[in-house]
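Colleague: Below are the sequence and a predicted model; questions follow.
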Amino acid sequence: MKTFWIILFCFSPFVWAQSALDQKASEMEKKLIAPCCWAKTLDQEQSEVAIYMKQKIKQQLAQGKNVEDIYAMFEQEFGERVLAEPKKSGFNWVVWFFPMIILCLGALLLYRKLLTETTPKTPQSKDIPDSTVPAEDQKYLDQVDRELYRQ
């Protein structure tokens, strides 16, 4: 019984290290796109290429490679498209800030629309008909009224 505890104590760091490695590999798989379909991340895909990439990740992590170096290796092999999150540099800043800009513009437009809908309209001076009509025009208006409202 004593040997069991000694063996368990000696090998427990390796067991924990293996699970930490698997956990880090799982996190990386969520951040890489499978190049077979370019629609799913590696953790969702089971194609040959995805399995190869998963094994390569675990192999590189076991060799002590840095996470960024592994991402760079896959980016070099498959292109920037393999990254689930685009890099925050150059034109890719548009991808990161475009949704926020659209959200702010939409909120501003909605605010302005609600503001114009809720404020009562005051009549403008040009909208109010002029009640004083010159006498020479009044006779023509009377004639139009007689023509329109004949009985």
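Modeller: All right, it came through fine. Remember, predicted model here, so these are calculated numbers, not experimental data. Numbers count the residues shown, from 1 in each chain.

Colleague: Only C-alpha atoms from now on, for both contacts and neighbour counts.
Modeller: OK.

Colleague: what's the helix or strand where residue 69 lies packed up against?
Modeller: Secondary structure assignment for residue 69, by DSSP states H and E: helix 67-78. Helix 67-78 sits against helix 48-62, with contacts defined as 3 or more C-alpha pairs under 8 Å, 6 or more residues apart in numbering; DSSP states H and E.

Colleague: all helices in this protein, in order from the N-terminus.
Modeller: Here the chain has its helices, by DSSP state H, at 2-29, 48-62, 67-78, 93-118, 135-148.

Colleague: mind putting the ones you listed in JSON lines, mean neighbour count included?
Modeller: Listed next are these as JSON lines, based on neighbours: other C-alpha atoms under 10 Å:
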{"stretch": "helix 2-29", "mean neighbour count": "13"}
{"stretch": "helix 48-62", "mean neighbour count": "16"}
{"stretch": "helix 67-78", "mean neighbour count": "14"}
{"stretch": "helix 93-118", "mean neighbour count": "12"}
{"stretch": "helix 135-148", "mean neighbour count": "11"}
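
Colleague: which one of those helices lies closest to residue 41?
Modeller: helix 2-29 (6.7 Å; C-alpha to C-alpha).

Colleague: on that earlier part again, comparing the helices of the chain, which yields the minimum mean pLDDT?
Modeller: The minimum mean pLDDT among those belongs to helix 2-29 (a mean of 67).

Colleague: related to what we said a few turns ago, turn the helices of the chain into a markdown table, including distance to residue 39.
Modeller: Shown next, in a markdown table, are the helices of the chain (distance: least, C-alpha to C-alpha, whole Å):
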| stretch | distance to residue 39 |
| --- | --- |
| helix 2-29 | 14 |
| helix 48-62 | 12 |
| helix 67-78 | 14 |
| helix 93-118 | 18 |
| helix 135-148 | 71 |
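
Colleague: For residue 85, find the nearest of the ones you listed.
Modeller: Between residue 85 and these, the shortest gap by C-alpha to C-alpha is with helix 93-118, which sits at 9.5 Å.

Colleague: measure the residue nearest to residue 75 when sequence neighbours are not counted to residue 97 for me?
Modeller: Spatially, and ignoring its direct neighbours in sequence, residue 75 is nearest to residue 82 (6.2 Å; C-alpha to C-alpha, 6 or more residues apart in numbering). Distance of residue 82 to residue 97, computed by C-alpha to C-alpha, to the nearest Å: 21 Å.
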